[in-house]
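Trainee: dropping the sequence and predicted coords here.
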Amino acid sequence: MISWNETLSTGIDVIDDDHKFLISLINQFAELAEHCEDLAQISIAVGALNEYVLNHFRREEILMMVCTYSERRQHQREHKAFTDIVDSLQQLYRLRPRLVNLREVAIFLSDWLNSHIAVSDQGYVAQMRAHKSLVDTVSTNLRDDVNFRFDEPDHLRVS
Ligand SMILES: [Fe+2]
């Protein structure tokens, strides 16, 4: 189980709210992994987690882009590696549920999220604070419109 604490805070409300919700989804999954035998219920929990992770990463990546965070490519690679693992686990669970050790998956998810928020996400905090008004404006759009897109202008592109 992970619990929210101030060392995980980024000070960016839309991101902190996402992180708190992700923690609650992972804790719910850990609870199911411990006690639930209902494969359909577990599949629903994994699907919900997967979908929220994708939406959260998209929001975070847009904010990293608008504040021109120089390490965002590396950060996106971390996100991608994580979503690839979660996708594979989801597929394996769909095909051969008994091969997946749900308790170990729950520990992996908790540890990954905890260290990603505590270390990697802290990397962009100073840059986002330096662009606070822009980040606040885009955050409002990200909250109001789940399909909000921000196409990367050429001058923001990092090769
Ligand atoms: Fe992140």
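Mentor: Arrived safely.
Trainee: buried set for stretch 45-52?
Mentor: A45, V46, L49, N50, Y52 (16 or more other CB atoms under 10 Å). Every residue, glycine included, has its C-beta placed from N, CA and C.
Trainee: likewise for stretch 22-37?
Mentor: In stretch 22-37, the ones that count as buried by 16+ other CB under 10 Å are L22, I23, L25, I26, N27, F29, A30, L32, A33.
Trainee: same check on stretch 59-78?
Mentor: For stretch 59-78, by 16+ other CB under 10 Å, it's 59-67, 69, 72, 75-76.
Trainee: coming back round to it: just the ones of the buried residues of stretch 22-37 in helices?
Mentor: L22, I23, L25, I26, N27, F29, A30, L32, A33 (DSSP state H).
Trainee: about what we covered before: what about the ion: which of the buried residues of stretch 59-78 touch it?
Mentor: E60 (CB under 5 Å from the ion).
Trainee: and which of the buried residues of stretch 59-78 is nearest to L8?
Mentor: Nearest to L8 among the buried residues of stretch 59-78, counting by CB to CB, is E60 at 13.8 Å.
Trainee: so the residue nearest to Q76 when sequence neighbours are not counted versus Q41, what's the distance?
Mentor: Sequence neighbours aside, E61 is the residue nearest to Q76 in space, at 5.8 Å (criterion: CB to CB, 6 or more residues apart in numbering). E61 sits at a distance of 31 Å from Q41 (criterion: CB to CB, to the nearest Å).
Trainee: chain center to the top helix by length along the chain, what's the gap?
Mentor: As assigned by DSSP H, the longest helix anywhere in the chain is helix 39-66. Mean C-alpha position of helix 39-66 versus that of the full chain (CA atoms, centre = their mean, to the nearest Å) differs by 6 Å.
Trainee: can you list contacts of the helix or strand following it?
Mentor: Using DSSP states H and E, the helix or strand that follows helix 39-66 towards the C-terminus is helix 72-95. The contact list for helix 72-95, computed with CB atoms under 8 Å, 6 or more residues apart in numbering, reads 42-43, 46-47, 49-50, 53-54, 57, 60-61, 64-65, 69, 99-100, 105, 108-109, 112, 116, 120, 123-124, 158.
Trainee: pull out the buried residues from the very next helix or strand once past helix 72-95.
Mentor: Once helix 72-95 ends, the next helix or strand along the chain (criterion: DSSP H and E) is helix 102-115. Using 16+ other CB under 10 Å as the test for burial, helix 102-115 gives L102, V105, A106, L109, S110, W112, L113, N114.
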